[in-house]
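1. What would the 3D arrangement of this be:
(one chain, ligands or ions: 1)
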Amino acid sequence: MSAITRDRWRSNFSEWFDWIIGEAEVYDYGRYPVKGMGVWMPYGFQIRRRVLELVRELHDRRGHEEVLFPLLIPETLLRKESEHIRGFEDEVYWVTHGGLEPLDVKLALRPTSETNITYYESLWIKSYKQLPKKYYQIVSVFRFETKATRAMIRLREVTTFKEAHTVHDSFEDSERQVLEAIEIYRELFDALGIPYIISRRPEWDKFAGALYTIAFDTVMPDGRVMQIGTAHNLGQNFTKAFDFKIQLADGTLDYPWQTSYGVSDRVIATIIAIHGDDRGLVLPPLVAPVQVVVIPIPVGSEEERNAVLREARRVAEVLRGGGVRVNVDEREELRPGAKYYYWEARGVPVRVDVGLEEVKTGVLTVVRRDTLERYKVAREELVGFVLRLFDEITVNIKKRAWDYMTSSLRRAETMDEARRWAEEKRGILEMPWCSREECARRVEEELEVKTLGIVWPLESAEGLRCPVCGGQAVTWARYAKTY
Ligand code: ZN
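-> The predicted model follows:
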């Protein structure tokens, strides 16, 4: 009875996800009177805060500086880079009035911040000696999504948008920065046990205003693919649009090079989605607001019940002394079974049960959330045991997630194979590609999928044929049904 099940999680993922973010009090969605906007509840906010601590640490350690720019961007700034505005035009929210007065210049709720940040960089940065410069901010961005909105996944207010913006004195240095961005995201996703594949997005799906876009994608439990992070080399597109020049080492003036990269609420949505099971969340110990819950099992006389409670508190103190985030669930109105259910849904990595038996013997019952396995552990050994268990849980859920991801990748060299894959359409299909847009578009249409882009780092498909046109294949393209 204690074995974990993932039937509902897998076969009815959408419903499971909507259920668990409410049940675990992560995110209240669907009741706010503006579509596509939700509320971070206290428990969810704590998960989010720990994820953001990690995000900040990874950027700060590599010389990024945190900043905060205004939410409103005047239309005149947003329109400076023509590709950029064309890409965002139909999803921008506009502020048109101040009180009853129409504004002279409309103000956009930022959909992203390349334009206002570049404007300031052009005021602040004059020389190559100040470069590279790496800024980031963690803010809300707004997009008037016309597709169906989804809690934490497709929002009109993205409340947790980490956007980094960098400036460089050469193309080579901007290329190095894209690699650093990829390294930061690898480290972030690895720490959270989130599996990913990296693709270079096709020309027709790159960030509006970029030279190219590198994207991290993951496979959700329903087999659909979700973008969880992107990095763009912006080239000199924005610096030219803003007439932003710097002095180079040889004394000449030129437009600097830029990159930008971002992750969002989707990182937290992915932690929830990828690691969960039918009972609810399974949180990595690193970001779990409560790492161990101690449940007193009150039985017997009042004296015995008090002894159990004292022991539960003592156990919690010992764990706290070891740097563990602990909660003792002393609620009298709930039976132990109801408490198990409550904390399992919230994904607390480890549970310690304390009953009369434990008081007498000094041997505690420890249960891990990811497998529901039980252990008997002597009180003196509890801290070391729990810390080791955190490591084991971290490794186990990461491996489980990667196994699923790896099993979701398929290669096909003919359209017949691709069609068979499409009958199930779970995960990611890789096929040799000649690099012509029309061939990828044909695959998209016929299989009803999206082109994720090409395998990154680039993998040659030399000697293979494009299954659509029969021409010489250059590389491998990836296709999937996406969020
Ligand atoms: Zn082709």
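2. any idea how far Ala148 is from the residue in the stretch 101-250 of the chain that the ion sits nearest to?
-> Of the residues in the stretch 101-250 of the chain, the one nearest the ion is Pro202, at a distance of 13.1 Å by Cβ to the ion. Where C-beta positions appear, they are placed from N, C-alpha and C, glycine not excepted. According to Cβ to Cβ, to the nearest Å, Pro202 and Ala148 sit 24 Å apart.
3. For those two, indicate the residue with more neighbours.
-> For Pro202 versus Ala148, neighbours defined as other Cβ atoms under 10 Å are more numerous around Pro202 (21 against 8).
4. Let me see the contact set for the more buried one.
-> Contact partners of Pro202, counting by Cβ atoms under 8 Å, 6 or more residues apart in numbering, are Glu437, Ala440, Thr451, Gly453, Ile454, Ala477.
5. okay, those in a markdown table with secondary structure, pLDDT and distance to the ion next?
-> Shown next, in a markdown table, are the contacts of Pro202 (DSSP: H, G, I helix; E, B strand; the rest coil; pLDDT from 0 to 100; distance: Cβ to the ion, whole Å):
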| residue | secondary structure | pLDDT | distance to the ion |
| --- | --- | --- | --- |
| Glu437 | helix | 98 | 9 |
| Ala440 | helix | 98 | 8 |
| Thr451 | strand | 98 | 12 |
| Gly453 | strand | 98 | 16 |
| Ile454 | strand | 98 | 13 |
| Ala477 | strand | 98 | 10 |
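6. Could you pick out the residues of the stretch 301-450 of the chain near the ion for me?
-> Cys434, Arg436, Cys439 (Cβ under 5 Å from the ion).
7. of these, buried ones?
-> Applying 16 or more other Cβ atoms under 10 Å to those, the neighbour count classes Cys434, Cys439 as buried.
8. The residues of the stretch 301-450 of the chain next to the ion into TSV, with extra columns for pLDDT, secondary structure and distance to Leu248?
-> Formatted as TSV, those follow (pLDDT from 0 to 100; DSSP: H, G, I helix; E, B strand; the rest coil; distance: Cβ to Cβ, whole Å):
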residue	pLDDT	secondary structure	distance to Leu248
Cys434	97	coil	39
Arg436	97	coil	38
Cys439	98	helix	41
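9. Among the residues of the stretch 301-450 of the chain next to the ion, which one lies nearest to Gly209?
-> Within these, proximity to Gly209 (Cβ to Cβ) peaks at Arg436, which comes in at 24.1 Å.
10. need the contact list for that closest one.
-> Cys466, Cys469, Gly471.
11. what's the distance between Ile85 and the ion?
-> 32 Å (Cβ to the ion, to the nearest Å).
12. so that residue makes contact with Leu78?
-> Yes. Taking contacts as Cβ atoms under 8 Å, Ile85 lies within contact range of Leu78: 5.8 Å.
13. Who has more neighbours out of these two?
-> It is Leu78, of Ile85 and Leu78, that has more neighbours when counted by other Cβ under 10 Å, with 23 against 19.
14. Distance check, the more buried one against Glu89.
-> For Leu78, the distance to Glu89 - Cβ to Cβ - is 9 Å.
15. what's the answer for Gly235, then?
-> Taken as Cβ to Cβ, the span from Gly235 to Glu89 is 21 Å.
16. Compare the two (neighbour count), which wins?
-> Taking other Cβ under 10 Å, Gly235 and Glu89 do not tie; Gly235 has more neighbours (18 against 13).
17. Give me the number of neighbouring residues for the nearest residue to the more buried one once chain neighbours are set aside.
-> In space, Gly235 comes closest to Leu211 once its chain neighbours are excluded; the distance is 4.1 Å by Cβ to Cβ, 6 or more residues apart in numbering. Neighbour count for Leu211, taken as other Cβ under 10 Å: 19.
18. Please give me every residue in contact with Leu211.
-> His232, Asn233, Leu234, Gly235, Asn237.
19. Mark which of the residues you listed are part of helices, please.
-> Among these, DSSP state H puts Asn237 in helices.
20. a markdown table for the contacts of Leu211, including distance to the ion and pLDDT?
-> Shown next, in a markdown table, are the contacts of Leu211 (distance: Cβ to the ion, whole Å; pLDDT from 0 to 100):
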| residue | distance to the ion | pLDDT |
| --- | --- | --- |
| His232 | 26 | 98 |
| Asn233 | 26 | 98 |
| Leu234 | 29 | 98 |
| Gly235 | 27 | 98 |
| Asn237 | 29 | 97 |
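21. Which one (most neighbours) among the contacts of Leu211?
-> In these, the most neighbours by other Cβ under 10 Å go to Leu234, 26 neighbours.
22. Surely that residue touches Ala210?
-> Yes. Under the criterion of Cβ under 8 Å, Leu234 makes contact with Ala210 at 5.3 Å.
23. Overlap in contacts, those two.
-> In contact with both Leu234 and Ala210: Ser260, using Cβ under 8 Å, 6+ apart.
24. most remote residue from the protein's center?
-> No residue in the chain sits farther from the centre than Ser301, which is 49.6 Å out by Cα atoms, centre = their mean.
25. Distance of that residue relative to the ion?
-> The value you get for Ser301 to the ion, if Cβ to the ion is used, is 80 Å.
26. Could you report the pLDDT at that residue?
-> The score at Ser301 is 95. That number is its pLDDT.
27. which SS state does Glu445 fall under?
-> helix (DSSP: H, G, I helix; E, B strand; the rest coil).
28. Does anything pack onto the lengthiest helix in the chain? Which helices or strands?
-> Criterion DSSP H: the longest helix present in the chain is helix 382-407. If contacts are counted by 3 or more Cβ pairs under 8 Å, 6 or more residues apart in numbering; DSSP states H and E, helix 382-407 sits against strand 212-219, helix 266-275, helix 302-321, strand 350-354, strand 363-368, strand 374-378.
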